[in-house]
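Visitor: for reference, the sequence and a predicted model appear below.
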Amino acid sequence: MRRALARLTALSLVLCSLAVLAQLLLAVLSGALGVLFAISAAFTATLLIPLVLQSVLHPEIRLSADGIWLRPMIWREQFVPRRALLRCAPHPLISSSEANAALERLLFGRGHRRREGCAIIVARDALPPPYRLLARLAGAPDAAAFAISSTTHRNYDQLRQAIAALLADSTD
């Protein structure tokens, strides 16, 4: 399933990028209608943001004594050294409101575990630009970030504790 989603995301990124280029070309070539094509190109470029965010949001994680290996959906594997880890912030895309929890209990039943997550803020130069989008959402515009959640990572609690231990070691 992850491979199919990765291919669809990559295809969507390519098609959306080609659409922006085509709309900009049409904006230049078509006189009076050029403004409409330029506006549609800006709108299509805005739609690229969630696609890029999805491609790096919850990467596969492999922990080591020296840091964390991230394997995102599309991009190449990245290593984040322990010294680059800064802090853990609440996941900006997971709502923690009581109304949302009540709705989840109603939809999924009493046994449903509430979705949890956190964004791991790292030094800006430790990860490439797509990771900076999540850091901006998490309130750290001068950093990069990746996220973990209870729905996308097995043994979420153990992973969170292991990352917290690496964070504690990085501040020493």
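Guide: Ah, there it is.
Visitor: by mean pLDDT, flag the weakest helix or strand of the protein.
Guide: Between all helices and strands in the chain, the lowest mean by mean pLDDT, DSSP states H and E belongs to helix 98-108, at a mean of 68.
Visitor: what's in contact with the following helix or strand past that one?
Guide: Next helix or strand after helix 98-108 toward the C-terminus (DSSP states H and E): strand 117-123. Contacts of strand 117-123 from elsewhere in the structure, counted by C-beta atoms under 8 Å, 6 or more residues apart in numbering, are 68, 80, 84-94, 131, 134-135, 137-138, 140, 143-151, 160, 163, 167. (Each C-beta comes from the backbone N, C-alpha and C, glycine too.)
Visitor: these in strands, which ones?
Guide: Here DSSP state E is the test, and the contacts of strand 117-123 give 68, 80, 85-90, 143-149 as lying in strands.
Visitor: helices along the protein, start to end?
Guide: Assigned helices in the chain, in chain order: 2-29, 34-56, 98-108, 132-137, 156-171 (criterion: DSSP state H).
Visitor: which helices and strands does the second one pack with?
Guide: Helices and strands touching helix 34-56, as assessed by 3 or more C-beta pairs under 8 Å, 6 or more residues apart in numbering; DSSP states H and E, comprise helix 2-29, helix 132-137.
Visitor: apply 10 Å and report the result again.
Guide: Judged by 3 or more C-beta pairs under 10 Å, 6 or more residues apart in numbering; DSSP states H and E, the packing partners of helix 34-56 are helix 2-29, helix 132-137, strand 143-149.
Visitor: and these: which comes nearest residue 156?
Guide: Shortest distance between residue 156 and those, using C-beta to C-beta, is found for strand 143-149: 6.6 Å.
Visitor: please identify the most buried of the helices and strands packed on helix 34-56.
Guide: Compared across the helices and strands packed on helix 34-56, strand 143-149 shows the largest average neighbour count, a mean of 24 (mean count of other C-beta atoms under 10 Å).
Visitor: report the angle between that strand and strand 85-90.
Guide: Counting by axes from the mean of the first three to the mean of the last three C-alpha atoms, to 10 degrees, strand 143-149 points 50 degrees away from the direction of strand 85-90.
Visitor: strand 143-149: partners in the sheet, and parallel or antiparallel?
Guide: For strand 143-149, the paired strands and their directions (DSSP bridges) read strand 117-123 (antiparallel).
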